[in-house]
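In: Pasted the sequence and its predicted model underneath.
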Amino acid sequence: MTRTETKIISMGPQHPSMHGVLRLAVTLDGEMVVDVKPDIGFLHRGIEKLGENRTYNQFVAYPDRLDYVSSYSNNLAYCECVEKLAGIEVPRRAKWQRVLFLEMQRIASHLVWLGTFALDLGAWTLFLYAFRERETILDLFEMATGARLTYSWCRIGGLPKDLPEGFERACREFVKLMPGRVTEYDNLFTGNRVLQARLQGIGMLPPAVGISYGVSGPSLRGSGVNYDIRKTEPFEAYAEMNFEVATSPRCDSYGRHLVRMEEMRTSVKIIQQCLDGMPEGEIIAKGTKSVTPPAGEAYAHVESPRGDFGVYLVSDGKNKPARVRLRAPSFSNLSAIGEMCRGAKVADVIAILGSIDIVLGEIDR
Amino acid sequence: MIDQLKQLFPQGIIESAEKENELLLTAEASILMGLCRQLKEAGFDYPADITAYDDGKTLRVIYRIYSMSNNNYVVLSVPVARKGARLPSVSSLWKGAEWFEREIFDLFGVVFDKHPDLRRILLPVDWEGHPLLKE
């Protein structure tokens, strides 16, 4: 009579599909997953502690490095938090440009997700297609900010410089090009029967479970929960934008996939509106070169491509924060992976992990 | 809402205020579980963030819970001792608290009773000390 027992295997931290340095301790019963326990901290850099030793202005460059795939959202959340704490009013033109850049960043981040997700599942072709469009976006960022990845293009009170000559024309060309490309990805990928078999019904996350875990972003919207900070607590100029929030009632990996594809299309629409309606005016508030907020605390959060990215600052009146707390969406999203993987097969673990879209930089800080 | 809570917990609520879309509470550790159960029943279902703040004199554990249906927050601040602090775990109410509490244990040294898996989460297993406490 054969006796079976469960076995714990280790996926990672050096693993091409781990999306960073992540170790998943997977308890297996044959090929069936009993439990998944993520082991994080390999990329812990002590950024929250570092924040206590930098002035508010000096710290601006650090949040970019958290979720490095979507650095604009982190940078924006931090600047918003300082602005709230110090009561700084950001000029309208700066708010519109922040929305423009954040939506461009959203598309760039979703393209990284799409390419690597396809790669994880064995669909090699899509990766370079997705990165082709990403190059266009990164060229736009480089034109405006000088950097391709961690731009620190939000400063306390606004933006450091206005849009350069030629940016608007290049951005409009991109806006014309992108929707067709998203359709191309759908043709290559979304409708594929093998993909659907690999994703449909896999990684179920019931909405109540997702909410209880603090899951946010496309991972929660893929379970039918209409929670998008751009709508519930509109920040910057989002109250003036006209767009729909993408959700999917599916609760599985395919639903999360569909949500992100739709979000790319939505972001293009918002970028178009930003270009068409950009108000004139200043680009940064006065007197923000060296900010010392009064004692107090503030919380600001944005809808990053991964979800609810929040910054909590406590000031004791000095020129350095007393506490910098960075609330990363991937941290909470990843904590739900045990629930999502129960009963799945080993190969599904990779698909589920990819569908959550995590970045270790913000998980570990 | 605050009056309701003050009636249920006449002793434990130290401070309360309402600001924009936030309900701010400071409460004693002794009423934490009961208070959190009430808050969850009142619709605060999404653990946005649970963290801690040490100002050198007091250590505060701060629970920021969001209500999906009401689009508002409760921010609950619980002062504890800087060394040897123990709090009940709220992970039975909000699953997200599991990892948040592990991080507070890791970086601040607060122990959470009845936590299903209380161990370090970011720092290596053999790390000594709790770095986010002020010296």
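Out: Received the coordinates, thanks.

In: So what does the residue of the stretch 151-300 of chain A found nearest chain B have for phi and psi?
Out: Closest contact between the stretch 151-300 of chain A and chain B, by CB to the nearest CB, is at residue A:214 (3.2 Å). All C-beta atoms are positioned from the backbone trio N, CA, C, and that covers glycine. Main-chain dihedrals, residue A:214, degrees, to the nearest 10: phi 80, psi 20.

In: So for the closest residue to it other than its chain neighbours, what's the pLDDT?
Out: Nearest residue to residue A:214, sequence neighbours excluded (CB to CB, 6 or more residues apart in numbering or on different chains): residue B:96, at 3.2 Å. Predicted confidence (pLDDT) for residue B:96: 91.

In: same deal with residue A:62?
Out: Residue A:62 is assigned a predicted lDDT (pLDDT) of 92.

In: Kindly report the same for residue A:122.
Out: The model reports residue A:122 with a pLDDT of 86.

In: Surely the residue nearest to residue A:214 and residue A:212 touch.
Out: Yes: counting by CB atoms under 8 Å, residue B:96 touches residue A:212, with 6.6 Å between them.

In: okay, these two: which has more neighbours?
Out: residue B:96 (28 against 21; other CB atoms under 10 Å in any protein chain shown).

In: which residues sit in contact with the more buried one?
Out: A:212, A:213, A:214, A:215, A:332, A:335, B:46, B:47, B:50 (CB atoms under 8 Å, 6 or more residues apart in numbering or on different chains).

In: and it, how far is that from residue A:233?
Out: Note on residue B:96: its distance to residue A:233, by CB to CB, to the nearest Å, is 19 Å.

In: Can you tell me the centre-most residue of chain B?
Out: When CA atoms, centre = their mean is applied to chain B, the residue found nearest the centroid is residue B:63 (3.8 Å).

In: Just the element for that residue, please.
Out: In this structure, residue B:63 sits in strand B:59-67 according to DSSP states H and E.

In: related to what we said a few turns ago, among the contacts of residue B:96, name the ones in helices.
Out: Using DSSP state H, the members of those that fall in helices are A:212, A:213, A:332, A:335.

In: How about residues contacting stretch A:160-170?
Out: Contacts for stretch A:160-170 (CB under 8 Å, 6+ apart): A:93, A:97, A:139, A:140, A:143, A:144, A:153, A:275, A:283, A:284.

In: Show the buried residues in those residues.
Out: Buried by 16 or more other CB atoms under 10 Å in any protein chain shown: A:93, A:97, A:140, A:144, A:153, A:275, A:283, A:284, out of these.

In: For these, give me a markdown table that also has distance to residue A:163.
Out: Shown next, in a markdown table, are those (distance: CB to CB, whole Å):
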| residue | distance to residue A:163 |
| --- | --- |
| A:93 | 10 |
| A:97 | 7 |
| A:140 | 10 |
| A:144 | 6 |
| A:153 | 11 |
| A:275 | 10 |
| A:283 | 9 |
| A:284 | 13 |
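
In: for those, which one is nearest residue B:132?
Out: Using CB to CB, residue A:153 is the member of the buried ones among the contacts of stretch A:160-170 that lies nearest residue B:132, at 29.0 Å.

In: Next, the contact list for the closest one, please.
Out: Contact analysis of residue A:153 by CB under 8 Å, 6+ apart lists A:72, A:75, A:101, A:141, A:144, A:145, A:147, A:159, A:160.

In: Please tell me how far it sits from residue A:223.
Out: Distance of residue A:153 to residue A:223, computed by CB to CB: 33 Å.

In: So which residues of the chain form strands?
Out: In the absence of a named chain, this looks at chain A. Applying DSSP state E to chain A gives strands spanning A:7-11, A:23-29, A:32-39, A:296-304, A:307-315, A:323-327.

In: You answered for a different chain; I wanted chain B.
Out: B:13-19, B:22-27, B:46-54, B:59-67, B:72-80, B:86-88, B:111-113.

In: quick one: is the last one near chain A?
Out: To tie it back to what came earlier, the one meant is strand B:111-113. No: using CB under 8 Å from any CB of the partner chain, strand B:111-113 never reaches chain A; the gap is at least 15.1 Å.

In: what's that strand in contact with?
Out: Residues external to strand B:111-113 that are found in contact with it (CB under 8 Å, 6+ apart): B:84, B:85, B:86, B:87, B:88, B:89, B:91, B:101, B:104, B:105, B:118.

In: what's near enough to touch the residue lying closest to residue A:181 once chain neighbours are set aside?
Out: Of all residues not flanking residue A:181 in the chain, residue A:133 sits nearest, at 5.3 Å (CB to CB, 6+ apart). For residue A:133, the contacting residues are A:107, A:111, A:177, A:178, A:181, by CB under 8 Å, 6+ apart.

In: among those, which ones are buried?
Out: Applying 16+ other CB under 10 Å to the contacts of residue A:133 flags A:107, A:111, A:178, A:181 as buried.

In: OK, contacts around the closest residue to residue B:80 other than its chain neighbours?
Out: Among residues not flanking residue B:80 along the chain, residue B:59 sits closest, at 5.3 Å (CB to CB, 6+ apart). In this structure, residue B:59 makes contact with B:52, B:53, B:79, B:80, B:81, B:82, B:85, B:108, B:110, B:133, judged by CB under 8 Å, 6+ apart.

In: Kindly tell me how buried the residue of the stretch 151-300 of chain A closest to chain B is, as a neighbour count.
Out: As a burial measure, residue A:214 scores 31 neighbours (other CB under 10 Å).

In: cool, and the one 10 residues further on?
Out: Other residues within reach of residue A:224 by the criterion other CB under 10 Å amount to 16.

In: cool, and residue A:291?
Out: Residue A:291 is flanked by 21 other residues according to other CB under 10 Å.

In: so how far is residue B:35 from it?
Out: As for residue A:291, its distance to residue B:35 is 36 Å (criterion: CB to CB).

In: same deal with residue A:176?
Out: Distance of residue A:176 to residue B:35, given as CB to CB: 55 Å.

In: do the same with residue A:267
Out: With distances taken as CB to CB, residue A:267 is found 40 Å from residue B:35.

In: Mind putting the strands of chain B into TSV with mean pLDDT?
Out: Below are these laid out as TSV (pLDDT from 0 to 100):
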stretch	mean pLDDT
strand B:13-19	85
strand B:22-27	90
strand B:46-54	92
strand B:59-67	93
strand B:72-80	92
strand B:86-88	91
strand B:111-113	91
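
In: Let me have those strands in TSV, extended by distance to residue A:362.
Out: Below are the strands of chain B laid out as TSV (distance: least, CB to CB, whole Å):
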stretch	distance to residue A:362
strand B:13-19	28
strand B:22-27	24
strand B:46-54	13
strand B:59-67	17
strand B:72-80	21
strand B:86-88	26
strand B:111-113	23
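
In: can you list the residues of the stretch 151-300 of chain A near chain B?
Out: Applying CB under 8 Å from any CB, we find that the stretch 151-300 of chain A lies next to chain B at A:208, A:209, A:211, A:212, A:213, A:214, A:215, A:225, A:227, A:232, A:233, A:299.
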